[in-house]
Each structure stands twice: as structure tokens, then as C-alpha cells.
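S.K.: Sequence and predicted structure, then a few things I'm wondering about:
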Amino acid sequence: QVQPVESGGGSVQAGESLTLSCYASRHSTCRYDISWYRQVPGKARALVLSLDNNGHITYGESAKGRFNFSREYAKNTDFLHMYMLKPEDTATYFCQVRRSGSWSWCSPEEYWGQGTQVTVSS
């Protein structure tokens, strides 16, 4: 079952760093594209960054120059590394996993985690 689980959120001071994790069970024969989004109350979810299976990363405006991505394949875990955090980075961060592939068990599907809260104080 591909159900992303985010962790690593918390409260930090402006200028500090934080790393979020997203674990999702995956089948080795399927393709998985990963995206991180964030959302504040009253607003739509906004893309932070997105990684496709070819390793290409697309950055949202908020992430350019301060956020980065890494993956630990053996643990089916993706990481969002956030540096020089600002109060405006305060949001709930969500991991999205998009499955695809040729096999029947790789049917296209999109999964969302429950989110993890990041609060940055000035």
C-alpha cells in the first residue's frame, strides 16, 4: 500500500534548517514521482518541489535556492531539506507520490500524506 507518511516537522527560528521525510512503500517495478507541497489555511496547496523518476527536479518559487531534495532508495524515503527558513515558510507540508508503470500493479495512482506542520518564528 503506497501511503505516504511525512515526518520531521516542528517549530524553528528564522534562519534555521529543517529536514522533512516522506516514507512510502513502493514496488521495484513501478515508477514513482514525488512532490512536496505546502499549504496555509485559506489557501490552495502550492508546489515546493517535484522529482520525477528521471531525477529531474522542478522547484516552486518558494524553494529556489533554499530547499533541496534527496532520496534514500533502500528505505523508500524521500527528504525535503529546507535551509534559511523564513516565517513565510510556515505551513503544513505534504508529500505526494504518483505511481505509474507498465505492469498492472503499477496502475496510475496518486497518493497524499497527512502532512506535517512547520512553524518558523521570527
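M.R.: Great, that's in hand.

S.K.: from here on, contacts and neighbour counts on C-alpha atoms
M.R.: Noted.

S.K.: Identify the residues contacting the closest residue to Ser107 other than its chain neighbours.
M.R.: Counting by C-alpha to C-alpha, 6 or more residues apart in numbering, the nearest residue to Ser107 once its immediate chain neighbours are dropped is Ser100, at 5.6 Å. With contact taken as C-alpha atoms under 8 Å, 6 or more residues apart in numbering, Ser100 is in contact with Cys30, Arg31, Tyr32, Cys106, Ser107, Pro108, Glu109.

S.K.: repeat for Ala63
M.R.: Neighbours of Ala63 in contact, by C-alpha under 8 Å, 6+ apart: Val48, Leu49.

S.K.: what about it, which SS state?
M.R.: For Ala63, the assignment made with DSSP: H, G, I helix; E, B strand; the rest coil gives coil.

S.K.: swap in Gln3?
M.R.: Each residue gets one of three states, and Gln3 gets coil by three-state DSSP.

S.K.: Report the separation between the closest residue to it other than its chain neighbours and Ala74.
M.R.: The shortest distance from Gln3 to any residue that is not its chain neighbour, by C-alpha to C-alpha, 6+ apart, is 5.6 Å, and that residue is Ala24. Plainly put, Ala24 is 12 Å away from Ala74 if you go by C-alpha to C-alpha, to the nearest Å.
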